[in-house]
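Peer 1: how would this look folded up:
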Amino acid sequence: MPILGIYASQNYVRGLTVDALVVAGGGAGGTSYAGGGGGGGFRTATLSLALNTSFSVTVGAGAAAATYPSGIPTSGSDSIFSTITSTGGGRGGQEVSSPSPGTGGSGGGGKYQDSGLS
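Peer 2: The predicted model follows:
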């Protein structure tokens with residue numbers, strides 16, 4: 001039954017069944033020729049929630065952009081709804097130096113490495 005179909009005056013003693021979509025924050029991209037950040041992961045599920053019971057909700061933030069020339073990108077934050085956790089997106093690789101791309105909901109893009117060949 002949709003939540004909007006419940007009236008406050010009804011004696012509704014059952015719990016609620018909800019279709020949940022949980023999306024995590026995306027990872028930051030690297031600077032200059034570096035790879036892009038990965039998208040936040042997502043999960044879907046149908047959950048039965050009991051009335052008068054609390055559950056955790058965390059909204060995962062997207063990572064802030066890396067600063068040029070040597071800022072290090074970071075991964076996105078995880079999102080949580082009740083028992084469902086989605087993993088934040090991986091950071092993009094950084095130009096020339098470390099770090100390598102990060103893993104996550106979707107891994108970050110590769111890094112640029114000049115081979116010195118002409």
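
Peer 1: how about the residue nearest the centre of the chain: what's its closest non-neighbour residue?
Peer 2: What sits nearest the mean C-alpha location of the chain, by Cα atoms, centre = their mean, is A24, with 1.8 Å. Counting by Cβ to Cβ, 6 or more residues apart in numbering, A24 lies nearest to G40, which is 3.5 Å off, once chain neighbours are set aside. In short, each C-beta sits where N, CA and C put it, glycine included.

Peer 1: hmm, that neighbour is touching S86, no?
Peer 2: Yes: the criterion here is Cβ atoms under 8 Å, and G40 meets it with S86 at 6.6 Å.

Peer 1: between these two, which has more neighbouring residues?
Peer 2: G40 (28 against 25; other Cβ atoms under 10 Å).

Peer 1: ok now do the more buried one, which residues does it touch?
Peer 2: Neighbour list for G40: 23-27, 60, 62, 76, 79, 86-89, 104-106 [criterion: Cβ atoms under 8 Å, 6 or more residues apart in numbering].

Peer 1: please check the residues you listed and keep the buried ones.
Peer 2: Buried members of the contacts of G40, scored by 16 or more other Cβ atoms under 10 Å, are 23-27, 60, 62, 76, 79, 86-89, 104-106.

Peer 1: can you map out the strands along the protein?
Peer 2: Assigned by DSSP state E, the chain shows strands spanning 16-23, 42-49, 57-58, 79-81, 84-86.

Peer 1: would you reformat these as JSON lines and include distance to T31 and mean pLDDT?
Peer 2: Compiled in JSON lines, these are given as follows (distance: least, Cβ to Cβ, whole Å; pLDDT from 0 to 100):
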{"stretch": "strand 16-23", "distance to T31": "26", "mean pLDDT": "87"}
{"stretch": "strand 42-49", "distance to T31": "27", "mean pLDDT": "88"}
{"stretch": "strand 57-58", "distance to T31": "29", "mean pLDDT": "89"}
{"stretch": "strand 79-81", "distance to T31": "26", "mean pLDDT": "91"}
{"stretch": "strand 84-86", "distance to T31": "27", "mean pLDDT": "92"}
